[in-house]
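A.B. asks: After the sequence you'll find the predicted model.
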Amino acid sequence: MFPFLVFREAALATGNKIAAGRSFFWRDNTAMSLGGGREAWPGFYSSARPCQWKITLNLDVANTAFYEKQHVLDFLCKVLNMRQCPTQLNDTQRRLFEKELRTLKVEVKHSGGLRRVRVAAVSKNSAKTQKFEQDGKQITVADYFKKQYKIVLKYPDLPLVEVGTKKNFLPMEICEVAAGQKVMKKLTEEQTAIMVKNCAKPAPERQARVQKIRDEIMNYDTSGALKEFGITVDKRMKMIDNARVLPMPVMGMGHATKNDAKGIAPEVQEISVKTMDGTWTSAGRYFDPKNLDNWVVIDLDQDRRLPLDFFLDEFIATGKQRGMRIAQPQLDGSIDPRDITTAIKNIQMSYKKQNKTVDLIMIIMRVRGPAYADIKKAGDVLYGVPTQVVLGKNIARSAEKGKGPMNQLASNILLKVNAKLGGAHSKVMDLGKNKTLFGSFTDKPTIVFGADVTHPSPGEGMNKPSIAAVVASYNVFFTKYSARVRAQGHREEMMTTLKDMVVELMIEFKVKCGGREPQRIIFYRDGVSEGQYQQVMLDELRAIQAACITLCPGQDYKPPITYIIVGKRHHTRLFTADPRDAVGKAGNVPPGTITDRAICHFSEFDWFLCSHYGIQGTSRPAHYNVLYDDSNYQADQIQMFSYYLTYCYARCARSVSIPAPAYYAHLAAFRARHHMEEAGDTQSTNSSGDSGPNVVEINKKIKVHDDMHSKMYFA
């Protein structure tokens, strides 16, 4: 903590910077508009960290969103996407603007001096209708400003701004949004896209910017704060001499043989992974393909120009190449998006009357709008039918480019569909120099868990819950997973119902694995900040142990447990010392780059692993920390196993940034948020009367259908 305070003082002493946690931002000519009255400011992150030999300075580029200094009326127009200022607002517009303006500081000058006040709400009353008592008489706000300050309001019918804690009312037209206020709410998809496009820089450029921050913006060599405490900062970044690149696995896919017709499992074809980008071809037969005999396509796009037949023909033909038997679908293009829930119910009931099961409902929609949440809630929660949404704009874009791009689109959709049906496109082979690796993980029934907790966006009310999600493998290749989700208190990180979820998932493992309980547990936990490591581990480890006792009461059932934190929210980046070792246009380190020395903790079992190929911007390595390990794995074993799990992700034929189970837990948690949404729900979540989420009722809403428990509906 002490070094951090010194570096913080050094940063604040260099000029007009705004501190936000351990980051510092400023506005200059590089600030870019994000729309909606927001703009991105440049900055940097700085943190002192204890490592294996000495304290290191973690310095990184940072960008974040701030509100523009602007008139409140201009802000209103930007938020509501209006060219001219409206003379009045309906209640929906008022609540939408209140959600943006609430808690911001505004400046007013009508009384002579400059005052800053915080917005508490946007009133339902206007300057014409809001009255208060003055000199024993009732007077409107509009008349008061005319009488007291000689200000004739141009927009007396607009809602008033309620400021402070004593319910003072101010007209919007006399208020300005104060400068230097960080956006605490979630950015829109468009704003996020602008941030990514403009702030994601290739690795060499990011490295140069970090060096510039050290040498010019901060200039640690002349910092008075550092000199006072005898602190010096190396002129160059830390060189990691013993970093290495883990060997790529060999993947296995299905290989069609004469046994296929007899219903015998096909031979496995070995597929090499490309060293440069961690990809492998998925053009052959899937390792475990599933069939689509009864499926329905609902066209909500209803654009006659959309080449839907072209897409479906390519989808069916490509599926056949992957080993999937896909029948012609039932096509329905007359359904109103507002009736999609009823349509899914009717389809399921229609097939049930015929003693059939609907394998999949594919929905074509132009863009991902409000109907998406209704589709997922109907399919996952209400009726137990796998659903797949395909965007019409993607079909149209692929068709314009020809057969190749359409085949690629179909291939990408098939990966997700096959996973939702219970299949797998490939598996990691037990080959080469690592032939003994999987032996220490598959010599007895092993279950791999992934867990994550997602929280409401900043600015959302206390009635919004956090969502805990846990997934668990149930096959020897660690490619198939079941999921459980639970709601819990607002922004609670500890998983309060972990024991129940683990029991349910281990029972499912037992059913699918010949009646045997897991004899080894490996648990990957995502989303935990460093300050919560020990508390989360102790609480959740106890919950896992309690689940084992519940699963086998009265027995000495104590499977070894390995508990690993996986973190992505950090500012450590890895750069190649030799540019010739970099891969791709972004110049990142190659997939599999790992270090467990130099920049890692002096007493903890942790490492940084960049397992994926960085397509855009600078790759962020995952930070792994083994907090508990009954199995006493060697570092090479658990590091290699964690790396290989990044190749088991169902949505693509490439390695991803974190192990597949941790990724799936993240997806399951976010899917539960869609299950919570109500059609047409625009109610503000910022009511000051929020007392916390009704967890019992919310858990009823997000409990998936029994038919979906063993399916990867979240894929």
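C.D. replies: Cool, got the structure. Quick caveat, the model's predicted, so the values are computed rather than measured. Residues are numbered from 1 along each chain as shown.
A.B. asks: next helix or strand past the one helix or strand in the chain whose mean pLDDT sits lowest?
C.D. replies: Least confident helix or strand of the chain, by mean pLDDT, DSSP states H and E, is strand 267-272 with a mean of 76. Per DSSP states H and E, the first helix or strand lying C-terminal to strand 267-272 is strand 295-299.
A.B. asks: partner strands of that following strand, parallel or antiparallel?
C.D. replies: strand 330-332 (parallel), strand 360-365 (parallel) (DSSP bridges).
A.B. asks: quick one, which of the ones you listed is packed in tightest?
C.D. replies: Neighbour counts (mean count of other Cβ atoms under 10 Å) averaged over each of the strands paired with strand 295-299 peak at strand 360-365, with a mean of 23. For glycine as for every other residue, the C-beta is placed from the backbone atoms N, C-alpha and C.
A.B. asks: The stretch 451-600 of the chain: strands as residue ranges?
C.D. replies: For the stretch 451-600 of the chain, the strands defined by DSSP state E, counting those that start in this stretch cover 466-473, 481-488, 520-526, 561-567, 593-595.
A.B. asks: Check which helices and strands the least confident helix or strand of the chain sits against.
C.D. replies: With contacts taken as 3 or more Cβ pairs under 8 Å, 6 or more residues apart in numbering; DSSP states H and E, strand 267-272 sits against strand 250-255.
A.B. asks: other SSEs contacting the strand it packs on?
C.D. replies: strand 267-272, strand 427-428.
A.B. asks: Show me what counts as buried in the longest one.
C.D. replies: The one in question is strand 267-272. By neighbour count on 16 or more other Cβ atoms under 10 Å, the buried set for strand 267-272 is 269, 271.
A.B. asks: Strand 250-255 and that one, what's the angle between them?
C.D. replies: Counting by axes from the mean of the first three to the mean of the last three Cα atoms, to 10 degrees, strand 267-272 lies at 140 degrees to strand 250-255.
A.B. asks: Please state the offset of strand 267-272 from the chain centre?
C.D. replies: Put simply, strand 267-272 sits 33 Å off its chain's centre (Cα atoms, centre = their mean, to the nearest Å).
A.B. asks: got the CA coordinates for that strand in PDB?
C.D. replies: Provided in PDB are the C-alpha atoms of strand 267-272 (Å, rounded to 0.1, in the frame of the first residue of the first chain):
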ATOM      1  CA  GLU A 267     -12.100 -43.500 -36.300                       C
ATOM      2  CA  VAL A 268     -10.400 -40.400 -34.900                       C
ATOM      3  CA  GLN A 269      -8.400 -38.300 -37.300                       C
ATOM      4  CA  GLU A 270      -5.500 -36.300 -35.900                       C
ATOM      5  CA  ILE A 271      -5.500 -32.600 -36.800                       C
ATOM      6  CA  SER A 272      -2.400 -30.400 -36.200                       C
END
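A.B. asks: let's number from 45 now, not from 1
C.D. replies: Got it, the first residue is 45 from now on, which makes the last one we talked about strand 311-316.
A.B. asks: Partner strands of it and their direction?
C.D. replies: Applying DSSP bridges, strand 311-316 is found paired with strand 294-299 (antiparallel).
A.B. asks: quick one: contacts of the strand it pairs with?
C.D. replies: Outside of strand 294-299, the residues within contact range by Cβ atoms under 8 Å, 6 or more residues apart in numbering are 310-317, 324, 326, 328-333, 367, 469-473, 475-476, 691.
A.B. asks: let's see it at 6 Å
C.D. replies: 310-315, 324, 328-331, 367, 470-471, 473, 475 (Cβ atoms under 6 Å, 6 or more residues apart in numbering).
A.B. asks: nearest to residue 606, of these?
C.D. replies: Set against residue 606, the nearest of the contacts of strand 294-299 by Cβ to Cβ is residue 471 (21.4 Å).
A.B. asks: Was I right to think that closest one contacts residue 521?
C.D. replies: Yes. With contacts counted by Cβ atoms under 6 Å, residue 471 reaches residue 521, the gap being 4.2 Å.
A.B. asks: The two: which is more packed in?
C.D. replies: residue 471 (21 against 18; other Cβ atoms under 10 Å).
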